[in-house]
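Enquirer: return atomic coordinates for the entry below.
(chains A and B)
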Amino acid sequence: MRLGETLRRLDRLQHSLGFKIAASAVVVGLMLFGLGAVALDAIGSREAVEERLAAVEATQEEQADGRESLARAGDDASALAAVQRIAEQQDNPTGRAFAIGAGGFVALVIVWLGLALTYLGIALVAGVVVVPLWLFESTRSFALIGAGVLALSASFTALMQFLRLAFSGPGPVFAIARNVLAEAVRLKLSLLFIVLLVFALAALPGLLDGERQLRFRIQSFLQYGTGGAFWIIALLTLLFSVATVAFEQRDKLIWQTVTKPVSPAKYIFGKWLGVAGLNAVLLAVCASGVFLFVEYLRVQPAAGEIRAFEPASTGVLISEDRLKLETEVLSARVTAEPEPPFRMDDPGFRESLREYIESRRRIEPGFAQTDAEFEEVVRDTFRSATVHAMTLEPPIITPTGAQAVPRYFRFENLEGARRSTRPVTIRFKVNSDENNPTHFYDIEFLFMGSSGPFSTHRKTAAAVTQTMTLPNDIIQANGVLEFYMYNHGRDDDRWWETGMQLSGPLYIDENGGLQLLYSVGDYRANFMRVIFVLWLKLAALAMLGICTATFLSFPVATLVAGVIFLSAEAAGFLAGSLESYRIRDHDGNLIWWKYVAEQIALVISDFFRIYASLRPTSRLVDGRLLSLGDTALGLVVLALFTLVVYAVAVLIFRRRELAIYSGQ
Amino acid sequence: MQRNTVLQLIALGVFASCVAAAGFVSTRLTSSSSRHQLVYTEHTAEGLPAAVGLGVALGPVRGFFVNFLWMRANQLKDDGRFHEAMNLSRAITALQPRYPHVWVFHAWNMAYNISVTSSDRHERWQWVNNGIQLLRNDAIRFNNSDLLIHKELGWIFLHKISGVTDDANQFYKRELAAEWTEVLGEPPRLGPVLSASLARTLSESLRGTHGYRLQLPRNEGERIARRFTSVARADFEQTLEEGVGPDNTLTRRQAEALAEMLERFGVAGELPRIPLSQYLAGALYEAWFGPVAAAPETMAELYQRNPQTRALVEAIRANVTTNLDRTFLQRYTRTRAIANSVYRDRLDQVGPRSRALFDLVEDERFADAWPALLNHVRRRVLIDHYNMEPSRMIRYTRRFGPIDWRHPAAHALYWTTRGVELSLRRVEDRNQDDFDFINTDRQVMHALQELYRFGDLYFSYLYHVFPSLRLDRGQLADGMVIDSLYRAVPNAYFIDTYAQTLEELRERANQFGIFEDYRRRTYTLYSAGYENFLKDAIRFLYRRGEIERANYYHEKLITYDKRNVHYAALTYELATSIDEFVREQFSEDRFKTHYVAVSEIEAALQGAFINGLLTGNDTLFQRNFAYARAFHRAYVREQVEGMDLAAAGGRGRARMEVVDRDFRWVAGSTFMDLISTLDISDAERVYDAAPEDLRRFGYWIMQREVGSARNPEIALGGREFNDVFPEPPGMDEFERWMDEQLTRFRSN
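Expert: Residues are numbered from 1 along each chain as shown, chains lettered A, B, ... in the order given. Sure thing, here's the model as predicted:
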C-alpha cells in the first residue's frame, strides 16, 4: 500500500464517529487518572507538610530564630498560622489540575475536529527532534524552546479550529468572522506576530536568571509573559484590525460583501468578532502557558530552601524568599492608607479656622472675605496639617543623648485582615530634604498589636520604597492598626563628636507614602480577571482599528488608532508627569506652548483615567487585587467605549460608497 | 589632454589628498576617542558583545530607547519595583556599555537598595556581591579606565562591607573573608617577631623555591642578620663583600646565605627574636603571594615547568571535577579545613568527590605538584573570575604593606588605586573636570586608614563555612554549633604607609585644585585626617607598650609642618608629655567611636600580653588589662547595651557591637589569637605567666592547634603537650562555657 493511500485512510479514520468516541474515552480516562494521581499526591504532600509544621511547632520554642523570617513580630501562634497558610500551597493541586483540565480540553477539541492522529503524528515527529536535543546539556535549551513552540502552536491551531467551529453558525456576521480568522493565518502581517508571540513565550523561561531569587524570577516572568504577550497581541490587533478592513477596500474585495445584503452594522460586527475571537485564542494560549509555568516555578526551591517550601536552616519556619513570594507576589492584596488626623469637613476644624480668620482680619481686614477664599484657606491649612502629620521629626538632642520623636499612625477597618491568617505588608517611602542616596536613615516602628507592643527597625535610603512583612496580629481585634514611627536619624550623624546635628525631618508622601497591604484572595482568580481585562482592552482596540479603517487608508488608520491606544496606555504616566509640569517661568509669566501642551495632556489623561487606573499587568506582578468591582467597571467603560466606536464606525461606513458600478 | 582625462586626474588628486588628510587626522582621532572613552575597549582586537551589535542595529533610535528605559528604571526604583528596574538597567548596560552612570546605578541598586529590603543575611550578601560583581566583572571590562566605576566599586567595599552602617555588615565581612580564604589561602600570621614558620616562608622566597624570588633590600637583610650571633652570620657577612644587587637589593648569593641562616636556626628552634618592621611585614606578604603572581599563565606552561602536575590534573579531572576554577578552590579549601581540624575523623562522612580530593592532597607523589597547581589555579581565578591583575596586586603589596585580601578595605584600596592610575593616562587640561581624582584619592586614604584600624584579621574559616559542621551529605557533628571568629584589629604596619601615601596624593591634589593645598588654606581634609590618624596611632602604640614608637609619632605630630592652622592653640595643647597627651585624648567622648574602641581595647590587651606577660612585667600587665576592662565597660554601656532595639533585625547584636559585650570573651579571644601566633617557647612563657582564667583559654586553643596535630612532638620540640601547657583546673566547666559562647555566636 502506498504512503498516500495510508494517510488518506488514517484521515478517514480520525474523522469517523467511532474513533472520536473511542479517542475521547481514552482522553477522559487519562484525565481522570491524572486527577486521581494529583489528589493522592496532594494527600501525601499534605501529611508531609503537617508533619514538618508539627516538628517546627514543637521545636520553635527552643529556636531563637523561630520567627526570623516573619520580621520577628507578634506571637508565635500567629507566625505559625501564617506559615501554615503558605505551606498549604505546596499541596495545592489547583495548578496541576488546571494543567490536566486544559490539556484534556485541547485534546478533546483536537479529537472532535478530526485531527487526533495528525497531532499525534506531529507529536511523534517532534519527539524525535526534541528528545535527542534534550539529552545533551548544550542543546537542552533548544529542546525546551522547541517543545514550548510545538505545545503553544498545537494549542493555538486547535483552538483556532475550535473557534471556526464556534463561528460556523449561519448569517453574514459569522461568515465575516470566519473569513477574518482565515485571513489571520493567511496574512503575512498577522502570521508574523503570531509566530513572534509563540517563539517569544517559548523562549522566555530560558531567559530567566536561575541565580535570582524565586520571587524575582516569577515577577519577571509574569511581567514579560503577560505584559509582553499583551503588547505583541495589541500590535497584532492594531495592524490586523486595520488591515482586514482597509485592504478589502484597497483591493476592492469588499465589493463581494457589500453587494450582498449585509448591513454595515453586521459587517463591522463580524470583523470585530473575528479579531476579538483571535485575541481570545491568543490570550488563552499565552495565559495558559504563563499560568502553568508560574505554577511550575512556584514549586521550585526558593532562595534559602533545600527543597520547595523546606527551609535550609533548621528551626526557621519559612525562607524569606518564599514568604515574600507567597505574600507579596502570588497574592491578591488590597491597600489601606492611614487615617488623616482629621477630615476637611470636620466641624471642629472649620470652627477653629473661622476663629483664626476672624483674628487675622483684625490685622488684615481683607483676609478671606469670600466663600471661595475661605475654602482656599481651609484647603491650605488642611494640606499643611496633613503634611505635618506625615512628617517624622529628627531626634532631639538632650544632655543624656538623642531622643527620637514619635509620630502616631492609625489604620481602620482591617477586620478582614485580622481574621485572615495571612501576613500583612507595610509599605513605606520617606523623603528627606536632599534625598541623597548615600544617606541611610534608621526608622523604628512601634506597633501596638494584639499581642502587646512590639518594635522593629528598618534602615532605608530616602526616596526608596521599602516593605516589611509582618504577622497580622499587629492588627488589634477590632480591626484597628496603631503604630508609632520614629526617625532615629542618619547613620553617619555623629552629632556627639561634631556637636552639629546632620539629620533633618523625613517626609512621607500622603498619597501612597505609607500603606498597609493585606491579602484578600487568591492570585489565580486575580490572574483570570487580569486576563479578562486584557482581552477587554484588546477588543476595544480591535474596534478602534476597524473604525479608523472605515474611512482612512492603512497607514493613516494605523497611526490614528495607534496614537489613541498609546495615549490611553500612557495616560497614567501623563497624569503623574503633569503634577510636576510647570507652565509658568520663574517670573510667573505663562508660557503659551506649555499651556497648550498641558491642556492636551489633561484632556487625554482625564479621558482615559479609568482605563489607566486598571493597570492589570502591574497589579498582577505586584500581587495587588484587581477586584470584581474594578473588573466590572473596566467592563462597563471598555464596553461603552467599544459600543460608541462601533456606532461611529457604522455611521461612517453607511456613508461610504464602496461599491459603485460605473457601467464600464 | 582630453577633458575626461583632466577630470579623472583632478579626481585622483582629490582622492589622494583625502587619503593623506585621513592618515594625518586618524591618529589624533584614535587617541582622542580613546582618551574620551569612546571605544569599547582599549584594545580594538577584543571582540564586541552581541548586545553592542544590537545597539548599533538600533541606530538613531537607540538614544531615544535608552532614555526611555532610563526614566522608567528610575521610576520603578522609586516605586520599589527593583526586579524590573534591574532588568531595565541590564538592558541599558547592554545597549550602552560605555555609559558608566548606568553601571553605577545598577550596582548601587543591588548593593544598597535591594539588599536592605531583605532581612535574610545570605540574601543580602548575595545582592551586595552582585553589585560588586557587576562593576568588577562587567563594567570595568567595558570601561577599563573609568574612574567613576572604580570609585564606586571601592566605595561598596569600603562603606557597605567594611563600614558599620548596614545591620548585616558583620556577616558581609565574614563572607568576604571566607571567599578570599578560598581564593588565596590564609595569609601569614604576623606576630610581633619573626616566627619559625615566617622565617621558613621568607627563606623559601629568598631562594625562589616556588617560582618567585623576593628582592630584599640589603639594609633589611643586614638588620635581620644583626640579630644572629657573629658566628651564625659569618657566611652571610662573607657574601656582603661582593657588593649589592640592582636597586640596593641582596645579590642572589647573599639571599641564599640569608635564607640558609634563617632556615638552619628556624628548624633548630634557635631563631633569635627579630622584630617585624613595616618593610619586612610587607615582604613576608609578598613572599606569600609572589608564587601566585609568578605562576604559569596556561596549563601547557604549567606542565612544562612542573611535569608532575599533569598526572595530578588528570587525577583531579577523573575523580573530583573537570573545572579547575573558583569552585575547585572552594572545595579544596573546605576539604583542607576539615582535614586540618579536630573534625578530621569526620572525613569519612563527606561526599565521594571531597574524599577523593582529600586522598589526592595526602598523596605523597603529588607533594610538589600541589603548590604549583594551586598557584596556577589561583592566578587564573584572579584574572578570569575577579578581573584582577596579580602583578598589580603584588605591586600594591610592595607599595602599601601587608595587604590581607580577606579584608574589604584591601579591595577598596586595589580598585580605587587602579582607577586613579589608569585614569591619569587619559587626563589632560581640557577634560580634567571629568575626573574626580580628589575624592577617589580620599577613598584611597580611607582604605589605608581602615587597613590600619582593622587590617589584622583573625578569621575562622572552618566554622563560618560549616556553621553546624554540616556537609552536603549529612551532619558531621550533630548538635555542634560553632560560629566563625572574626576579629579585625589594628595593623600597625600601615602607620607609615598612610603618611607616605598621603604626601603622594596631596601632591596630586594640588595639581587639580587648592582643596588640599596647605600653603593656601588654613584647613585641609588631608591634614585633619592625618592628625587624627596620628593621634589614634600614638594611643594604640602607647597602650601596646611601644612607648618609643609612640613618642616618635607624637614628636612627628607636634612638628608636622602641614598641620591645619585654623586652631592656633593646638600646638601648645600637643606639646605635652606622651602620658598627658594620651590622657587628654579622653577628655572627649572618644570611647563612643567604634574604631577607637577596637583600637584601645586591642592595644591595651596586646600590651598586657606582649609587654607584660611575655617580658615578665606583671605591673604593666595589670595596668593595661585594667585599662582595657574599664574602656570596654564604658563603650558597651554607651554603644551596645542601650542600643538593642537598633540591633540587626533583633538578632541581639547591636550595629556598633564591634567588640563583644562580654569582656571575658574579648580578653580570652585576644589571648588565644596571640598565643597561637607565637613560637612554642614564647607561647609557653606567656602561658606560664598568665592568670588562671586566661590559661584556660590558652590551653583550649593550643590543644586544638598543637595538641591535636598529627605530630605535635615536632612542634613541641619532643616534649609532651601537657608538659609544655599543663592543664589548668576547671577545664570541664570552661569547656561548657566555651560551648555556650560559641553557640551564642552562631545564633547571633
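
Enquirer: flag the shaky bits of chain A, pLDDT-wise.
Expert: When residues are selected by pLDDT under 70, those of chain A lie in A:1, A:44-92, A:314-316, A:399-401, A:491-502, A:659-664.

Enquirer: how is it carved up into domains?
Expert: A:347-388, A:390-511, A:535-655 (automatic domain parsing).

Enquirer: just to be sure, A:Arg333 is in a strand?
Expert: Yes. Going by DSSP: H, G, I helix; E, B strand; the rest coil, the assignment for A:Arg333 places it inside a strand.

Enquirer: neighbours around it, how many?
Expert: 26 (other C-beta atoms under 10 Å in any protein chain shown). Where C-beta positions appear, they are placed from N, C-alpha and C, glycine not excepted.

Enquirer: so the residue nearest to it when sequence neighbours are not counted: helix, strand or coil?
Expert: Closest residue in space to A:Arg333, ignoring its immediate chain neighbours: A:Leu517 at 4.4 Å, by C-beta to C-beta, 6 or more residues apart in numbering or on different chains. Under the three-state scheme (three-state DSSP), the conformation of A:Leu517 reads as strand.

Enquirer: to what extent is A:Leu517 buried, counted in neighbours?
Expert: Here the neighbour count serves as a burial measure; for A:Leu517 (other C-beta under 10 Å) it reads 23.

Enquirer: same question for the one 3 residues further on.
Expert: Applying the criterion other C-beta under 10 Å, we find 16 residues in the vicinity of A:Val520.

Enquirer: secondary structure class for it?
Expert: Going by three-state DSSP, the secondary structure assigned to A:Val520 is strand.

Enquirer: same check, this time on A:Asn487
Expert: Secondary structure assignment for A:Asn487 (three-state DSSP): strand.

Enquirer: just checking, it touches A:Leu506?
Expert: Yes. Contact criterion C-beta atoms under 8 Å: A:Asn487 and A:Leu506 qualify, at 5.1 Å.

Enquirer: B:Thr619 is nearest to which of the domains of chain A?
Expert: Of all the domains of chain A, the one in closest proximity to B:Thr619, counting by C-beta to C-beta, is domain A:390-511 (33.9 Å).

Enquirer: how far out from the middle of the chain is that closest one?
Expert: Domain A:390-511 has its average C-alpha position 29 Å from the chain's average C-alpha position, going by C-alpha atoms, centre = their mean, to the nearest Å.

Enquirer: hang on, the earlier thing: hmm, the residue nearest to A:Arg333 is touching A:Thr335, no?
Expert: Yes. Taking contacts as C-beta under 8 Å, A:Leu517 lies within contact range of A:Thr335: 5.5 Å.

Enquirer: which neighbours do those two share?
Expert: Listed as contacting both A:Leu517 and A:Thr335 by C-beta atoms under 8 Å, 6 or more residues apart in numbering or on different chains are A:Arg624.

Enquirer: return the helix or strand in chain B with minimum mean pLDDT.
Expert: The helix or strand of chain B with the lowest confidence, counting by mean pLDDT, DSSP states H and E, is strand B:474-475 at a mean of 33.

Enquirer: in the stretch 301-450 of chain A, what residue lies closest to chain B?
Expert: Of the residues in the stretch 301-450 of chain A, the one nearest chain B is A:Glu320, at a distance of 4.1 Å by C-beta to the nearest C-beta.

Enquirer: what residue, apart from its backbone neighbours, is nearest B:Trp700 spatially?
Expert: Across the structure, with C-beta to C-beta, 6+ apart as the measure, the residue nearest B:Trp700 apart from its sequence neighbours is B:Met738 (6.2 Å).

Enquirer: quick one: A:Pro453 from chain B, how far?
Expert: Relative to chain B, A:Pro453 is positioned 12 Å away (criterion: C-beta to the nearest C-beta, to the nearest Å).
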